[in-house]
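Engineer: Sequence plus the predicted model coming up.
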Amino acid sequence: MSDNPSAPLLSNGDRPTSKHSHHSDESHEDTPLLSRSSDTPRYDGSDDQDEEHLPSPAAASLRSLQQNGHVSSESNKSGRRWPTVVAVSVLGVLVVAIIIGAFFAPAIVEEYAKEALVIEPTKLSIASLTADGVSARVQANFRMDASRVKNKHVRNFGRFGTWIAREVESRSSAVSVYLPEYGNILIGTARVPPVVVDIRNGHTTAIDFISDLVAGDIEGIRQVANDWLEGRLDTVRVIGKADVGLKSGLISLGTQSISESLVFEGDDLPAIPKYNITRLNFQEVPISPDGHKGMGADVSLSLINNYPVKFTIPSLEFDILVPGCGVDDSYIRLAEATTATVAVEPKAEVEVDVRGVVRELPEALNRTCPKSHSSPLDLLLGKYIHGEDTTVFVRGSSSPKGDTPQWITQIISSVTVPVPFPGHTFDNVIKNFSLTDTHFSLPDPLADPDSDEANPQISGQIVVIASLPKEMNFSINVTQVKANATVKYNDKKLGILDLQNWQKAQSERIEPKKGENGTIKIQSRIENAPLRITDDEVFSDVIQEMLFGDSTILLQIEALVDVEVSTVLGGLVIKAMPADGIVPVKPISTGASFSNLKPKVGDLRVLSTGKTSLDLEARINFTNPTAYTAQVPYVNIHILNNGSIIGDATARNVAVGKGNNTNILVQATWDPTKFGGKKGQKIGRELLSQYISGFNTTLTFQTHANSFPLQPRLGKALSKFLIEIPTPRLSTPGAGGDKGGNNKPHFIDDAVFHLFSSTAEFTLISPLQYSTIYIENINATAFYNHTEPIGKINYDLPFKVPPGTSKSPRLPVDWSLDSVGYEKIREALGGSLKLDAMGVVKVRLGRWSESVWYVGSGIGATVKL
């Protein structure tokens, strides 16, 4: 059939011959006068030999809809005009009967009628719906075109006979249409009024009549419709039968029994029209007088009517169904929908408005499927939020509230139509992501290796600003969230942030500004979320920026989030919703200096001693200048100086807060010989000497593989970053500690020189509160003004320095009598002056001993006789 509505409907001139025509070979009184041979053309004008097997247009249409999401409103112009074909085919049967009856020359007239007949449909409209069918108005142009007849003799005879007969009239008749492959069920019956046509060659007759169409076997029609929807209908053969009374002028031509068979297949079968969703809006709607609310959906669809038909579709009611757990499970009724009255114009765009209401969520929709962790609702929402088309099913309501004719109700309530529903991607839905009040927890050495506590953990306040789809115009409150998030840095995977436990949340809808979508602010406090490091190199890059960088670090988060929300329909869980965002992380220190930690050591205890080692315990005070807090169950770290390990320190169960942190218990081991050999011993001795002399010294801290017992990779990754801080000052008791306010250690508080006995007595301050230090020997020189020697002390008898302030024994002084320094001592007799000292001292603490040099300045000295 031509796409041109003015083209001949049943033309035979140059079209190919079909070998698929189906007709009865039986000869009886119902045999049509215009019998069909094997060479009779098919309705679609195709040959079997040239035709490959084609899928059902319904199946092809559904498949196209599923693959292409919401589809455009372009018409499929290759499809046949199904309603027009049926109506005009019935008309064609009557016209052929008129011509045959007029001539009494069946064979010749049959051939002439078939080849010369041209019927051009102009319009088919549904005038009204009736209790058992429809009242349809059929308009078409009828003419005989002899030029289409190939056989010259047939053409000439036909022209002569029709010129004589001029007009033929059919009496009122009933045409019944059957489906032989479905048990010869009756599709429907059409009552056709009398029709008068001019049968002369080239004369056109405008046909315009109203026919009452009555539906036939409703159950049979339902079976055919379901086969078509499910893709099982490849070919349809219909047979039209009628007993037509004819006359020409005043001459009665009797009653003719007409039977015509037509085959529809391939593109001849109608397809589900393609549609475009032009409007979608969800909102809360009242559903009962007591104020109870449900979820309403307003949907507008646009599609193209490709056929020259006009009719009005009354308001219809439908049930909206969704799939259950499996293909064999029954559908779950989710909502009810009502269409507005739809006016369909010929070959024009059609607008359909639908109002749907969800009164409550069925229990079956939230029930977990067998052998699965998902419910039918999870499966439905999962496809939707990932941008995939979902399929809902529409079935006519069996108990409509309006005045819908019963025959329409019977048909639409027995047919379930799958309708693709376009998904909605949630890409770039997160507009802002922040993590505040951040708290870090390092791995717990006593935890199970596979537990969350065996990994670094993060706690903090998450604040998310997310866009809401413009279709969502209802209240929503997020009550809980959980997720499995991938953390990236510079597009490289750092690790997995495990938020598999539900975290409480609260949300607040932010009304949109003009022209913008609404947003929702979600706040949630996450507690001890484990961070599983997967790439040590990327982790090292992040730590380097945190420790030494001066700009904000941007971590990328890609997550599948489960969200528990509260709506007017109750609580529901949306699973695996994709989300991504940027988490800004402030650096721990600006620049490479950690002097702003300001560490101080107090309450120093010696736990044990060895030949080369000291096991110490101290209380550390320091300042945390960052916005982060941390929990440290256990950490062991090496202490270095000048590139050599001189000891280690261990902290347990340390809670690091913001700002000042006091009385942090740390245990340390001093053993340069063990950790660094002879080189380490030399470096350790030099460090001690510089430290007690008040020089500015530094210590370097470095992690190692055993820093975190369950996370050797973490310790190795952090070992690349050496943290250097000024050596903490020991708190010294007594008034003399830190004289002058220069924050340098003063182990010699003052001195008294006795000129007559040539001795000196020193007031010593020990930094240890619980252990006694022994001075094994002293070899020192006192100076005035840094360079003028006063005298020497060389003393090799041990004496003890107990905790706190104590007096040394009188130590013999060998005066430099000819020096300027000695003269200054004499001049200061009975008074005091400032002296400097330089020497080598051997000290012992338990089993440990070491010789160190000492340089002191500004020592207050009193001179007595």
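Structural biologist: Perfect, I can see it now. Numbers count the residues shown, from 1 in each chain.
Engineer: Would you mind writing the CA trace of the longest strand seen in the chain as CSV?
Structural biologist: Longest strand of the chain, by residue count under DSSP state E: strand 492-510. In CSV, the C-alpha atoms belonging to strand 492-510 read as follows (Å, rounded to 0.1, in the frame of the first residue of the first chain):
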residue,chain,number,x,y,z
LYS,A,492,44.1,7.6,40.7
LYS,A,493,42.5,5.2,43.1
LEU,A,494,43.6,5.7,46.7
GLY,A,495,41.4,3.2,48.5
ILE,A,496,37.9,2.2,49.6
LEU,A,497,36.0,4.1,52.3
ASP,A,498,33.7,1.5,53.8
LEU,A,499,30.4,2.9,55.0
GLN,A,500,28.5,-0.3,55.0
ASN,A,501,26.9,0.4,58.4
TRP,A,502,23.9,2.7,58.5
GLN,A,503,24.8,6.2,59.5
LYS,A,504,22.0,8.4,60.8
ALA,A,505,21.2,11.4,58.7
GLN,A,506,18.9,14.4,58.4
SER,A,507,17.9,16.5,55.5
GLU,A,508,16.4,19.8,54.6
ARG,A,509,14.9,20.8,51.3
ILE,A,510,16.1,24.1,49.9
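Engineer: Tell me what angle whatever helix or strand comes next after that strand forms with strand 492-510.
Structural biologist: Going down the chain from strand 492-510, the next helix or strand is strand 519-533, by DSSP states H and E. Put simply, strand 519-533 runs at 160 degrees to strand 492-510, going by axes from the mean of the first three to the mean of the last three CA atoms, to 10 degrees.
Engineer: I'd like to know which elements the helix or strand that comes right after strand 519-533 is packed against.
Structural biologist: Following the chain from strand 519-533 toward its C-terminal end, the next helix or strand by DSSP H and E is helix 536-548. With contacts defined as 3 or more CB pairs under 8 Å, 6 or more residues apart in numbering; DSSP states H and E, the secondary structure elements packing on helix 536-548 are strand 477-489, strand 492-510, strand 553-567, helix 712-718. All C-beta spots, glycine's among them, are computed from the backbone N, C-alpha and C.
Engineer: what mean pLDDT would you report for helix 536-548?
Structural biologist: Confidence over helix 536-548, taken as the mean pLDDT, stands at 83.
Engineer: I would like the residues contacting that helix, please.
Structural biologist: Helix 536-548 is touched from outside by 489-490, 492-495, 533, 551, 553, 555, 585, 587-589, 591-592, 713-714, 716-718, 720-721, 723, with contacts defined as CB atoms under 8 Å, 6 or more residues apart in numbering.
Engineer: are any of those residues buried, and which?
Structural biologist: Buried residues within these, counting neighbours by 16 or more other CB atoms under 10 Å: 489, 494-495, 533, 553, 555, 585, 587-589, 714, 716-718, 723.
Engineer: Could you find the lowest-pLDDT member of those?
Structural biologist: Among the buried ones among the contacts of helix 536-548, S589 carries the lowest pLDDT, at 61.
Engineer: Which helix or strand in the protein has the lowest average pLDDT?
Structural biologist: Counting by mean pLDDT, DSSP states H and E, the weakest-scoring helix or strand in the chain turns out to be helix 57-68, with a mean of 42.
Engineer: all helices of the stretch 751-865 of the chain, in order?
Structural biologist: Using DSSP state H, counting those that start in this stretch, the helices of the stretch 751-865 of the chain run over 820-827.
Engineer: just for the stretch 51-200 of the chain, where's the confidence low?
Structural biologist: 51-107, 110 (pLDDT under 70).
Engineer: and what of the chain?
Structural biologist: Under the criterion of pLDDT under 70, the regions of the chain flagged as low confidence span 1-107, 110, 248-254, 256, 266-269, 401-402, 424-428, 515, 589-595, 731-745.
Engineer: Spatially central residue for it, please.
Structural biologist: Centrality entry for the chain: nearest residue to the mean C-alpha point is P578, 1.0 Å, by CA atoms, centre = their mean.
Engineer: For D562, see how far away that residue is.
Structural biologist: Remark: distance between P578 and D562 (CB to CB, to the nearest Å) = 12 Å.
Engineer: Report the buried residues of stretch 377-389.
Structural biologist: Of the residues in stretch 377-389, those buried by neighbour count under the rule 16+ other CB under 10 Å are 377-382, 384-386, 389.
Engineer: likewise stretch 505-521?
Structural biologist: When burial is assessed from 16+ other CB under 10 Å, stretch 505-521 yields the following buried residues: 505, 507, 519-520.
Engineer: Do a quick rundown of the strands in the stretch 751-865 of the chain.
Structural biologist: Listed in chain order, the strands of the stretch 751-865 of the chain (DSSP state E, counting those that start in this stretch) span residues 759-766, 773-784, 788-795, 799-801, 804-807, 811-812, 814-815, 832-845, 848-864.
Engineer: Just put these in CSV and tack on mean neighbour count and distance to N432.
Structural biologist: Written out in CSV, the entries for the strands of the stretch 751-865 of the chain read as follows (neighbours: other CB atoms under 10 Å; distance: least, CB to CB, whole Å):
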stretch, mean neighbour count, distance to N432
strand 759-766, 19, 57
strand 773-784, 19, 60
strand 788-795, 18, 71
strand 799-801, 17, 62
strand 804-807, 15, 58
strand 811-812, 16, 72
strand 814-815, 14, 78
strand 832-845, 18, 58
strand 848-864, 17, 58
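Engineer: Mind putting those strands into CSV with distance to R826?
Structural biologist: Compiled in CSV, the strands of the stretch 751-865 of the chain are given as follows (distance: least, CB to CB, whole Å):
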stretch, distance to R826
strand 759-766, 15
strand 773-784, 11
strand 788-795, 10
strand 799-801, 28
strand 804-807, 24
strand 811-812, 18
strand 814-815, 10
strand 832-845, 11
strand 848-864, 8
